[in-house]
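Q: Show me how the following folds:
(2 chains)
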Amino acid sequence: MDVFKRSLVLFIQKIVKEKNNAAVSEKEAAKLIKNPPDNSFGDYSIASYYFGKYGFKGIPGDIAEEIFRIALLSFEKTKDAAVFDKIEMKDAYVNFFVNKKKFAYITIENVLSAGADYGREHQEKPLKVVIDFSSPNIAKPFGVGHLRSTVIGMSLSNIYEFCGHNVVKVNYLGDFGTQFGKLITAFCRYDVDFSEFNKDPINVLYGLYVRIHKDEQIDETLEKEAKRRFKTLENYMSRNRRSIEEYLCVPGNAKNNVDNGWEGIEISEKNKGGFCETESGQYNLWKLFRGLSIDEFKRIYKSIGIEFDVYEGEAQSAEFASETTEILLKSGIASISEGAVIIRVKGVKTPALIAKSDGTSLYLSRDIVTAVTRMAKYSYDKMIYVVGSEQSLHFSQLSGIFRILKDNADKISENPVFKRYASLIDGKIVHVKFGRIIGMSTRKGNLVFLNDYIEEASLKAKEKLEDDFAEASGNAGINPGETESVALKIGIGAVMFNDLKTRRTTDVSFNWDNVLSFEGQTGPYLQYTISRINSLMLRLSPDTVKKERDFISLNTYKPADFDGVFNVSEKDADFNDIFLIIKQISYFKDAVDEALNQNEPSVLSSYALELSALFNKYYQNYRLLGKEHDYIKPRLYVIYAIKIVLMQVLRLLCIPVIERM
RNA sequence: GCGCCCAUAGCUCAGCUGGAUAGAGCGUCAGACUACGAAUCUGCAGGCCGGGGGUUCGAAUCCCUCUGGGCGCACCA
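A: Numbering: from 1, shown residues only, chains lettered A, B, ... in the order given. Next up is the predicted model:
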């Protein structure tokens, strides 16, 4: 909190104390201070409406007048430290106008002195936050729906870390379930083109998956076979498992216990039959499909700058699913209904199904296990699932089950280790849901794969770059040799920002023209703004850019630098526009906090667009080149501060920064 | 049928823990490059905030209801 807001907080605390003899917390007082919608209403304001509950009597206008009179006296007394130039009353508001010069100096100093760390927070007691995101299904291409989870999850991870918390980024792969029975069935029943399989395994697997889905509509033996093969797989995998108690007791058991390796597995036309007939053969098929998919995912993640701390999979939780079901049945928390095992959750009508009547596990039962084993591994304070809103029911069941486990912990007496971790989870699961992407299709009408998506955007960026070469516009641009890499960054920026610019919960209607637009409220607009700042700084002051370290050392930075900005009063003076920029810079930390509190990266997207727009307007309307040093200097500080803040936001939003484009 | 989410300018969206005059971008139209990068900027037009009711000094924001749309609702994930 800056000195200006702090002095208002103290003021509010003082007047409430005098009026009501009651203490108001700093946080509560800060909430009473608003940023007015328009500059003409000042820089901070206090609305009298809120003061009724603090013992102020009368209509809002009267209360405002009372507060106004006290404020005048109160801030008159501290005039040497004058933080406010003017205090006004308008309707029911008391408006405070900051001393612009002081505000500018302090705000910019905060940014420049912290540099690349500006806004980073330190927590005395950081939270341990597990963020589960992306979580694609194996053997299906990485689609755009997964991209939304990936981008939001990665951005939230960045934001939590930036705010000083400890984050574990988990990719929970959909590597289990009846779908694998189907995939193995398809692989065994249909002819497989092995030369194609060796070249592009994911595509071949996807083809098999699509084909069996279609065929099982007319041939019901396929589904039976798939279920049988899945049961075989699950039985094989759980035969030599450890007990969950043993697993949870191993200290630091954070290691992924499912082996990703698949190198030893050689498959061809000739030996395919052997894989299909034996238990171990089918297990190896599963391992192969899984391993190939993970390699593909990792390649994609790397290309768009995403990384995880841990890869987990449903399979490793499936290991403990039947035992967990047993525990819940014995303790009377779960019951049997129509042959399946269910738990009734308060407030949720649909019973939570944790085991099928054939005894195999379900998504929900595996998620119960996962939440418990993660508690043992990480002792999380919060576990965030970044998953589409269509799974709301699933997560309300999951949360509800852990409420039951906490309230009925005494009933889980036969397994104290499970009990210990399971009863800690209530209230810590957060479903960060997001809306669907509507109307998503290729121009041909099929599912869009992420690869195509970024490729289309990059291609368009490349065309644009080449047009710019042809026009020879702007000699601060890039070298022709950099075209490919810059175009890729622009493409990524466009695609990522498209998923982060709207509020999570709104369904976004997909449209190629929007994604492939690089103008207006887009990622490339933000990237362009930074490039432009770089170019401007280079022209204005080549030395300071070469020696950025000296520039931000603030050796020569002083309040008087802003005299020339705010002491003039010509009609066309730029000080109002500069001041707007500085105010926007000062809101950065508020934006980060809000993004964190709401788990909503789009707060930062809006912030960045606003800051960029202010800069671009300023840039267009006031020319700096050719002005004298004293004129340029304070403005250069401000511009450099914009760059620092903007780069920080882009990093938080997973958008590549481009030095020149 | 039950539950959850959504409805703001032609289009895509902000604004929603109630507060000052509902804002951007795109698109349309009219402008600005022999001057710091035109992926930019300036300006015009465009709104009973889906309809109705309620709470309140005050409602796009909270509650109820209707309409229209999306999603989910036990052996898929």
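Q: close enough to count as contact, residue A:438 and residue A:511?
A: No: using Cβ atoms under 8 Å as the test, residue A:438 is too far from residue A:511 to be in contact (9.6 Å). The way it works is simple: take the backbone N, C-alpha and C, and place the C-beta from them, glycine included.
Q: Comparing those two, which shows the higher neighbour count?
A: Neighbours were counted for residue A:438 and for residue A:511 using other Cβ atoms under 10 Å; residue A:511 has more, 13 against 10.
Q: got a pLDDT number for that one?
A: For residue A:511, the model assigns a pLDDT of 80.
Q: Check the gap between it and residue A:517 for me.
A: 9 Å (Cβ to Cβ, to the nearest Å).
Q: What of residue A:493?
A: Distance from residue A:493 to residue A:517, by Cβ to Cβ: 12 Å.
Q: Where does the closest residue to RNA strand B within the stretch 401-550 of chain A sit: helix, strand or coil?
A: Distances between the stretch 401-550 of chain A and RNA strand B by Cβ to the nearest atom of the strand are smallest at residue A:520, namely 2.2 Å. The three-state assignment at residue A:520 reads coil, by DSSP: H, G, I helix; E, B strand; the rest coil.
Q: Could you count how many residues lie near it?
A: Neighbours of residue A:520 using other Cβ under 10 Å come to 10.
Q: Kindly report the same for residue A:350.
A: The tally of other residues near residue A:350 (other Cβ under 10 Å) stands at 12.
Q: That one: which element?
A: Using DSSP states H and E, residue A:350 maps to neither a helix nor a strand.
Q: where does it fall, phi/psi-wise?
A: Phi and psi for residue A:350, reported as degrees, to the nearest 10, are phi -70, psi 120.
Q: Find the nearest non-adjacent residue to it, please.
A: Spatial nearest neighbour of residue A:350, chain neighbours left out: residue A:393 (6.4 Å); criterion: Cβ to Cβ, 6 or more residues apart in numbering.
Q: Which pLDDT does the model give the one you found?
A: For residue A:393, pLDDT reads 95.
Q: Determine whether any part of the host helix or strand of it lies close to RNA strand B.
A: Residue A:393 is part of helix A:392-407, with elements assigned from DSSP H and E. Yes: Helix A:392-407 comes into contact with RNA strand B (Cβ under 7 Å from any atom of the strand), by way of A:392-394.
Q: That helix packs against which elements?
A: strand A:340-343, strand A:352-355, helix A:363-378, helix A:416-422, strand A:429-434 (3 or more Cβ pairs under 8 Å, 6 or more residues apart in numbering; DSSP states H and E).
Q: can you put these in TSV and add mean pLDDT, distance to RNA strand B and mean neighbour count?
A: Shown next, in TSV, are these (pLDDT from 0 to 100; distance: least, Cβ to the nearest atom of the strand, whole Å; neighbours: other Cβ atoms under 10 Å):
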stretch	mean pLDDT	distance to RNA strand B	mean neighbour count
strand A:340-343	96	4	20
strand A:352-355	96	4	23
helix A:363-378	94	4	23
helix A:416-422	93	21	19
strand A:429-434	95	8	20
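Q: Adding distance to residue A:453, write these out as JSON lines.
A: Shown next, in JSON lines, are the helices and strands packed on helix A:392-407 (distance: least, Cβ to Cβ, whole Å):
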{"stretch": "strand A:340-343", "distance to residue A:453": "40"}
{"stretch": "strand A:352-355", "distance to residue A:453": "35"}
{"stretch": "helix A:363-378", "distance to residue A:453": "27"}
{"stretch": "helix A:416-422", "distance to residue A:453": "40"}
{"stretch": "strand A:429-434", "distance to residue A:453": "17"}
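Q: any idea how far the residue of the stretch 401-550 of chain A closest to RNA strand B is from residue A:514?
A: From residue A:520 over to residue A:514 (counting by Cβ to Cβ), the distance is 10 Å.
Q: List the contacts of the helix or strand residue A:606 falls within.
A: Residue A:606 belongs to helix A:602-621 when elements are defined using DSSP H and E. The contact list for helix A:602-621, computed with Cβ atoms under 8 Å, 6 or more residues apart in numbering, reads A:155, A:159, A:497, A:500-504, A:521, A:525-526, A:529, A:532-533, A:536, A:574, A:577-578, A:580-581, A:584-585, A:587-588, A:591-592, A:594-595, A:639, A:642, A:645-646, A:649-650, A:652-653.
Q: For the helix or strand hosting residue A:326, give the mean pLDDT please.
A: Here residue A:326, judged by DSSP H and E, is contained in helix A:321-330. Mean pLDDT, helix A:321-330: 93.
Q: of the helices and strands packed on helix A:392-407, which approaches residue A:3 most closely?
A: strand A:429-434 (35.0 Å; Cβ to Cβ).
Q: quick one, that closest one and helix A:363-378 angle?
A: 120 degrees (axes from the mean of the first three to the mean of the last three Cα atoms, to 10 degrees).
Q: Domain map for chain A?
A: A:3-98, A:176-306, A:450-652 (automatic domain parsing).
Q: that older thread, any shared contact partners between residue A:511 and residue A:517?
A: The contact sets of residue A:511 and residue A:517 do not overlap (Cβ under 8 Å, 6+ apart).
Q: Which of the domains of chain A sits closest to residue A:419?
A: domain A:176-306 (10.2 Å).
Q: That closest one near RNA strand B anywhere?
A: Yes: using Cβ under 7 Å from any atom of the strand, we find that domain A:176-306 touches RNA strand B at A:176-179, A:227.
Q: got the end-to-end distance for that domain?
A: Distance across domain A:176-306, first residue to last, is 24 Å (Cα to Cα, to the nearest Å).
Q: returning to that earlier point: could you flag which of the residues of helix A:392-407 next to RNA strand B are buried?
A: Among the residues of helix A:392-407 next to RNA strand B, those classed as buried by 16 or more other Cβ atoms under 10 Å are residue A:394.
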